[in-house]
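> just a sequence and a predicted model for now, questions to come.
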Amino acid sequence: MVAPEALGWSVDNCTIGRAMAILGERWTVVVLREVFNGVRRFDDMRQRTGIPRQVLTDRLAMLVDEGLLRREPYREPGARPRHEYRLTVKGLDLWPVLVAVLEWGDRYLADPEGSPMATVHRDCAAEVRVVLRCADGHEVTSPRDVLPRPGPGAQRRS
């Protein structure tokens, strides 16, 4: 049996690994889901998701530190100043990832009644789906149509 070519390359600078160091904890993606759905205030997130207070505090701080969210101050009349959490450009760029996770969950994990959430195009109300295309515009419909190759930052294993 021939060893996979990937074994010859280091994964020390793997961007998938780096991304999962930020996104790989369950509550992180739940927080992002909430902000994408317009839930921006700490107490609203906590009430809607049941995330423990300290966990939510830690996740929001990490997402701000990583540049996915920014804090926006607000103040209710008679209350102390607080923050809402808004997506940055870096955070907004995760939208296709969340839609892909939603599609996968709907396919394999939904209740018999179907998905509890739909994503639709604002202009025509058609369902939004993730579509993969190569740089030349060809739709890629199967993982078998893709070949992994070392990129410009690839390093040979020593």
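That came through, no problem.

> can you tell me the SS state at Asp123?
Under DSSP: H, G, I helix; E, B strand; the rest coil, the three-state class of Asp123 is coil.

> confirm that Glu84 sits in a helix.
No. Per three-state DSSP, Glu84 lies outside any helix segment and is strand.

> against Asn37, how distant is Gly24?
Taking Cβ to Cβ, to the nearest Å as the measure, Gly24 falls 21 Å from Asn37. Using the backbone N, CA and C atoms, a C-beta is placed for each residue, glycine as well.

> what sits against the closest residue to Glu84 other than its chain neighbours?
Of all residues not flanking Glu84 in the chain, Arg40 sits nearest, at 4.1 Å (Cβ to Cβ, 6 or more residues apart in numbering). Contacts for Arg40 (Cβ atoms under 8 Å, 6 or more residues apart in numbering) come out as Glu72, Glu84, Tyr85, Arg86.

> only the buried subset of the residues you listed, as a ChimeraX command please.
The following ChimeraX line selects those of the contacts of Arg40 that are buried, judged by 16 or more other Cβ atoms under 10 Å:
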select :84,85
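
> so which of the contacts of Arg40 comes closest to Arg107?
Of all the contacts of Arg40, Arg107 sits closest to Tyr85, with 29.6 Å by Cβ to Cβ.

> what's the local residue count around Leu63?
23 (other Cβ atoms under 10 Å).

> what's the helix or strand for it?
Assigned by DSSP states H and E, Leu63 belongs to helix 53-65.

> surely Val99 meets Val128?
Yes. Using Cβ atoms under 8 Å, Val99 makes contact with Val128 at a distance of 6.2 Å.

> between those two, which contacts overlap?
Thr119.

> show me where the chain has helices.
Assigned helices in the chain, in chain order: 15-23, 26-36, 42-49, 53-65, 89-92, 95-108 (criterion: DSSP state H).

> and Pro112, what is it in contact with?
Counted by Cβ under 8 Å, 6+ apart, Pro112 has zero contacts.
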